[in-house]
Structures are given as structure tokens and as C-alpha cells.
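Q: Build me a model:
(one chain, ligands or ions: 1)
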Amino acid sequence: MSLVYSTDSGRICPACRQPVAACRCRAPAPPPAGDGIVRVSREKQGRGGKLVTVVRGLPGDAAGLAAWGKRLRTACGAGGTVKDGQLEVQGDHADRVLALLTEAGLRVKRAGG
Ligand SMILES: [Zn+2]
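A: Reported below is the predicted structural model:
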């Protein structure tokens, strides 16, 4: 024996008793913003390019990222950019960046090279 949830307007969600068309129970949860771990890697920019220190997974909005960018560039005495949610500092500053982020209480991992 099975329960059949239906009305003239269609199937009813057994969880929220709303028509399935209006149900939000099964709406996929928004993907989490990363896994909470900040990753720092050294990468080459372009062909035979210079080393850049790349930071991914920093928490915060665009303004927060920009603030981090400024802080790291100042600490490293180097230029850099923030784009697409990732932060770049020109040159090899992975060690310093790792130390700063760790000091700030973030979970930091070294990734790549
Ligand atoms: Zn529902």
C-alpha cells in the first residue's frame, strides 16, 4: 500500500505539502565557497614567465579580497592583482604569504610548487 500525493494541480511534496512545482525542499543547496582552506601556490605567469604567488580560497567578498591583496602586497613589497576570486602577488612570496595567513587564523595549505 502506498500513499499517493496528488491534487488537481499535480503532485504534492510529502515534506512541505506544497505542489511539487512550488517546492523548495529539493532545490540544490548552493555550493559551499571552497572547503575553507586557503591554498597558496607558486606559479609561472605566461610562457617562461615570472613566478607569481597565487592565493585561492580566501574567505570574504570582493572588498575583503582587495584588502587582503593590499596587505599581502605591502608585506611582500610587491605588486599583484585580485581577479576571479584569486589573489596574485608578483614574485615568490609563498612562505611569507603562508605565514601571514596562518597568523590571521586561516587554515592554509601549500598547493602546487
Ligand atoms: Zn517540498
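
Q: Please identify the residues of the chain in proximity to the ion?
A: 13, 15-16, 23, 25 (CB under 5 Å from the ion). Every residue, glycine included, has its C-beta placed from N, CA and C.

Q: how about a cut-off of 6 Å?
A: Proximity of the chain to the ion, by CB under 6 Å from the ion, involves residues 13, 15-16, 18, 23, 25.

Q: Kindly provide the distance from the closest residue to Gln18 other than its chain neighbours to Arg24.
A: Excluding the flanking residues, the one nearest Gln18 by CB to CB, 6 or more residues apart in numbering is Ile12, at 7.0 Å. With distances taken as CB to CB, to the nearest Å, Ile12 is found 14 Å from Arg24.

Q: for Lys109, same thing?
A: Distance from Lys109 to Arg24, by CB to CB: 35 Å.

Q: One more: Asp61?
A: On the measure of CB to CB, Asp61 and Arg24 end up 25 Å apart.

Q: Nearest to Thr53, out of the residues of the chain next to the ion: which one, please.
A: For the residues of the chain next to the ion, the minimum distance to Thr53 (CB to CB) is 43.6 Å, reached by Cys25.

Q: Please work out how many residues are found near the closest residue to the closest one other than its chain neighbours.
A: In space, Cys25 comes closest to Ala15 once its chain neighbours are excluded; the distance is 4.6 Å by CB to CB, 6+ apart. Using other CB atoms under 10 Å, Ala15 has 10 neighbouring residues.

Q: what packs against the top strand by length along the chain?
A: Criterion DSSP state E: the longest strand present in the chain is strand 37-44. Secondary structure elements in contact with strand 37-44, counted by 3 or more CB pairs under 8 Å, 6 or more residues apart in numbering; DSSP states H and E, are strand 51-56, helix 94-103, strand 107-110.

Q: what about Leu106, distance to Ser41?
A: For Leu106 relative to Ser41 (CB to CB), the value is 15 Å.
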